[in-house]
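Asks: using only what follows, build the 3D model:
(2 chains)
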Amino acid sequence: MSETLLWGLQYAGYALEAALLIILLKRGYLRSLRSLCIFVGTLFAIDAGVRPLSLHFFGIASRQYYNLYWLTDLILVLASFALICAFFRRACLRHRDVWKTLRPALAIVLILELAISSSAFVEHYHQHLLFTHFMYDFSQDLYFTCVVLNTVLYLMLQWFKDRDRLLHLLVCGLGIQYAGPAANAALILVGHHSGAGAGAAWHMFRYLLPLCNATMLAIWVYAVSRQPLTSRMDVGANGGGLAVAA
Amino acid sequence: MLSVTILVVSTALFLFYLQAACEKILRKPFEDPLPDPIVDANRLEFPFVRRALEEYDAPVDYARFRVQLKCDYLALIYLLRNAANQHRRLSGDERALAVYFRTLSGVLALWHLFGLGERKLLLKMTTVLEYFANVLGERIKRVRFGQLTASEYLMTL
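Replies: Model prediction:
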């Protein structure tokens, strides 16, 4: 029963990824929401292509699958960081001075992340797991940075009183995808420290991760399919002639 | 200590984003906000509950308002499923908002138990019901009964 549920959640996620990609392309968002299209395309290619294929060819216990899994995880975290940066840019369409300040700040955040995670690189320098340890630490650190950045972005949208409904929904969806697993990961750590409940938290994590992913994709599908086409033009028209490329 | 802080903040953020997504869905613009024929024909009470909460500074009649809103919710859900709906089921966003309404209803009971202010929650619940009425209004507008539209038909009753 539990395996069927897990299987159902995973395949619901793949179906939503494919549906979202089709809607984005069909409704002509390739120009106006380029980064979202790239992100969803990457997500779909990794989830439905690269990972199942490597699992099929190398097996779940193989070193190749292990390396590939963490490498694709790193790619996805980097892609979501880039997506948040693109959302920041879209949010600042009418506030170009804010974007001028934000752009170097976001670059500094990424460099700082690299610097902090490089401690794992030095720590595991003489071990065979050097590459995966670094990727894992960097992914985890960048993931928590994305949780914070997404919250900042949401607050910024509230502060600007932005009427871009599409962006609001996209940010909310991303927030759910980040906050749910982050809470569960913290619960696992708390369980480890207190010596109880870590097993149950791990079990919950197996379901929560695909569930949050499916929720995010469902919100995005709703956002892009229900968004009137005219409102996309409005953002562009009011953006002082700037191309709306988020 | 750090893990507990992350746990509390992330859980709060998770619930906050879920609520924010529901609130955004509720802000969908409608051509004819709050269609009177739907409200009148089904004797819906939520517009009066809202008016009582917004315009009069009277104490909240928790028991009465809760029953009124729950009855409206059941009526509107039934109509959304069965009135001018070929599939006889709720769409994804309607289902999400139905869950949101039930969650608000549960939170309302808790807040009442602990003596916290219920006014804001009751207003949020009326917003969900207004959305349902608007969806129903738009759907029924498209259906024709002979020479009359559905709303004209309802006005003749």
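Asks: C-alpha only now, for contacts and for neighbours.
Replies: Will do.
Asks: mind listing what's buried in stretch B:105-124?
Replies: The neighbour-count check on stretch B:105-124 (16 or more other C-alpha atoms under 10 Å in any protein chain shown) flags B:105, B:108-109, B:118-119, B:121-124 as buried.
Asks: please flag which of these sit within helices.
Replies: Taking DSSP state H, the ones among the buried residues of stretch B:105-124 that sit in helices are B:105, B:108-109, B:119, B:121-124.
Asks: among these, find me the one that's closest to A:Cys146.
Replies: B:Lys124 (30.1 Å; C-alpha to C-alpha).
Asks: quick check, pLDDT for that closest one.
Replies: Turning to B:Lys124, the model gives it a pLDDT of 91.
Asks: surely A:Ile46 is in contact with A:Asp73?
Replies: No: judged on C-alpha atoms under 8 Å, A:Ile46 makes no contact with A:Asp73 at a distance of 9.1 Å.
Asks: quick one: pLDDT of A:Ala245?
Replies: As predicted, A:Ala245 sits at a pLDDT of 44.
Asks: let me know the helix or strand that the spatially most central residue of chain A is in.
Replies: Geometric centre of chain A, nearest residue: A:Ser80, 3.9 Å, by C-alpha atoms, centre = their mean. Following DSSP states H and E, one finds A:Ser80 within helix A:63-91.
Asks: run the chain-centre distance for that helix.
Replies: Here helix A:63-91 is found 7 Å from its chain centre; the criterion is C-alpha atoms, centre = their mean, to the nearest Å.
Asks: where does the prediction get shaky in the chain?
Replies: You didn't pick a chain, so chain A it is. Along chain A, segments meeting pLDDT under 70 span A:1, A:120-133, A:195-198, A:227-246.
Asks: please go with chain B instead
Replies: B:1-2, B:32-34, B:144-157.
Asks: within range of chain A, give me the residues from it.
Replies: Residues of chain B lying near chain A by C-alpha under 8 Å from any C-alpha of the partner chain: B:3-4, B:6-11, B:13-14, B:17-18, B:20-21, B:24, B:93.
Asks: among the residues you listed, which one lies nearest to A:Leu112?
Replies: Nearest to A:Leu112 among the residues of chain B next to chain A, with distances taken as C-alpha to C-alpha, is B:Ile6, at 20.4 Å.
Asks: just to be sure, A:Ala61 is in a strand?
Replies: No: judged by DSSP: H, G, I helix; E, B strand; the rest coil, A:Ala61 forms no part of a strand; its state is coil.
Asks: quick one: it from chain B, how far?
Replies: A:Ala61 sits 30 Å away from chain B when distances are taken as C-alpha to the nearest C-alpha, to the nearest Å.
Asks: and for A:Ile23?
Replies: 16 Å.
Asks: give me every residue that touches that residue.
Replies: A:221, A:224-225 (C-alpha atoms under 8 Å, 6 or more residues apart in numbering or on different chains).
Asks: can you check A:Met204 too?
Replies: Contacts of A:Met204 by C-alpha under 8 Å, 6+ apart are A:Asn184.
Asks: which element, helix or strand, includes it?
Replies: According to DSSP H and E, A:Met204 maps onto helix A:198-226.
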